[in-house]
Every structure is written in C-alpha cells, then in structure tokens.
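> This is the structure alone, sequence omitted:
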Ligand SMILES: O=P(O)(O)OC[C@H]1O[C@H](O[C@H]2O[C@H](CO)[C@@H](O)[C@H](O)[C@H]2O)[C@H](O)[C@@H](O)[C@@H]1O
C-alpha cells in the first residue's frame, strides 16, 4: 500500500450547492455515522434522518444513500425515511417515493453463509452479517483471524464466482456485478438524476467504485477520513465535517 504521508492531500470540497444539476450520493458507515465496534452499536445523530430527508426534498429527489448494509438494516438505523437507497453494496435498490425494492443481483447462495459461519465459529466467534445479496464477516474484535478469513473467503469467492471486498475490519462476499459503482449508474438512469453532475461522499475502499462511477458521469468524489490513495478529488476529515458541510447547504439555500 502507498504511504499516505507521501501523498499530496486533497482540498476540502467547495460549499455544496443546491441546484438542478446537483445529485448527491452518500455512504453510511464512516461517512454519516462514526465507526463503532459492532454494526449495531453505531450512534445515529438525532438530526441525521431529518437532514437527509430535507436535502433530498431540496434536491428534488436527486439524493441516494449507497451502503454496504442491507436496506433493512439502513431503515432500522434511520427509521422510515423517504429517500432513494441502494443496499448490500449495490445488490438491492429502492427509489424514493415509496418505490419497491429491486434486486440488482441474484441472491447469495445460503451455502456461502454456512461456510463462512463455520470459519467464524472455529475462529473465536467472528461476527457474521448475512444480507440478501452479500455476507460480511467482521474481524474487528478478532484481528488475528484476518489472514485466515481472507484466505477462506478468497477460496469461496473463487469457487463460486463471487467478488470479495475488504472494508474496514470486514471481509465481504458479494454477488458479481453488485458494487457501489453499478448502484450509482442505476440511479443515474432514473429520469430525476439525468443530466446531473453527481457527488459521492464515502470513506472506505469499497467506495472507490462509486468515486470512479461519478467521475464517468462528470461528477466528483469526496473522501471522508485520513488521506489515502483514492479516485476522489476532495476530502473531509470526519463524520462531523460531513454533517457540517451538508447542513450548511440547507442553511445557505433559502427557497424563494
Ligand atoms: O457502505 P457502508 O455504509 O459504509 O457500509 C460498509 C459496512 O459497514 C458496516 O461495517 C462497518 O461499520 C461497523 C459499524 O461501525 C464496524 O463495526 C465494522 O467494522 C465496519 O466494517 C456494516 O456492518 C457492513 O455490513 C457494511 O458493509
């Protein structure tokens, strides 16, 4: 991995402008909520669901959450908010306006979860998080299991033709074709997103597919967290800075 100390830093993004050309894609963990030890322990700021909904309204629906979590988990965290969302790393997709959930991939075979669960159990009880179109195995509480987990998941991925993603202390297997870049492209096909210049805000390496996708549509990525090799062009240091940047857009955009 490249040494981030050698890398020139990225500037902060300019103020977010609410305009007919703005589309906004937001990652969840590490971007809108701080990373916690366990996926169920993240603290959702009381103001967050309202902030997301207000921005979506001002952007006339041109806002989507694009997460590695399942849509069900996102809704459990945020409550019943009416915004577009893609979950399971782009395996499932739901437009705003009470739209139905559309699968963008085939469901993950149950045998994959079983194999990884056996590994998890034999290695101190790693947390296994099955989702409709992917499965995550967390080693945050068992860092010594990382190498074995990567080997086991890599073998299953090869045998089954799955994609392996290595996020923050987590190894995930996803159905082929589902990544955050395809989720962004799927949203950009919708009439309300057409002709916009999309922004994607995310922290993890799994967000890099989305940074590349928005740039293909003439947009830009905002990396959240410390500097690293990235396809994003701007950087915000942390979750608090993301909330400030988003809130300022609402405060400065006073509808006539
Ligand atoms: O795409 P995201 O919305 O950023 O989701 C990525 C994964 O986030 C969750 O795991 C991560 O956050 C947990 C809570 O802070 C943390 O304990 C874990 O170590 C992180 O990897 C989620 O559990 C996964 O399903 C998502 O894919």
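The structure has been received and is ready for your questions. Keep in mind it's a predicted model, so treat the numbers as computed, not measured. Numbers count the residues shown, from 1 in each chain.

> number of nearby residues for residue 90?
By the criterion of other CB atoms under 10 Å, residue 90 has 30 neighbours. All C-beta atoms are positioned from the backbone trio N, CA, C, and that covers glycine.

> Quick check: closest non-adjacent residue to it.
Using CB to CB, 6 or more residues apart in numbering and skipping residues adjacent in sequence, the residue nearest residue 90 is residue 183, 3.5 Å away.

> following the helix or strand encompassing the one you found, which helix or strand shows up next?
Assignment of secondary structure by DSSP states H and E places residue 183 within helix 180-188. Toward the C-terminus, helix 180-188 is succeeded by strand 197-202 as the next helix or strand (DSSP H and E).

> Pull out the buried positions in that following strand.
Of the residues in strand 197-202, those with enough neighbours to count as buried (16 or more other CB atoms under 10 Å) are 198, 199, 200, 201, 202.

> Could you tell me the angle between that strand and helix 180-188?
140 degrees (axes from the mean of the first three to the mean of the last three CA atoms, to 10 degrees).

> The helix or strand that comes right after strand 197-202 vs helix 180-188, what angle?
Scanning the chain past strand 197-202 towards its C-terminal end, the next helix or strand to appear is helix 208-216 (assignment: DSSP H and E). If you take the same axes, to 10 degrees, helix 208-216 sits at 40 degrees to helix 180-188.

> now helix 208-216, how far from the centre of its chain.
Average the C-alpha atoms of helix 208-216, do the same for its chain, and the two points are 12 Å apart (CA atoms, centre = their mean, to the nearest Å).

> In a strand, residue 119, correct?
No. Counting by DSSP: H, G, I helix; E, B strand; the rest coil, residue 119 falls outside a strand, being helix.
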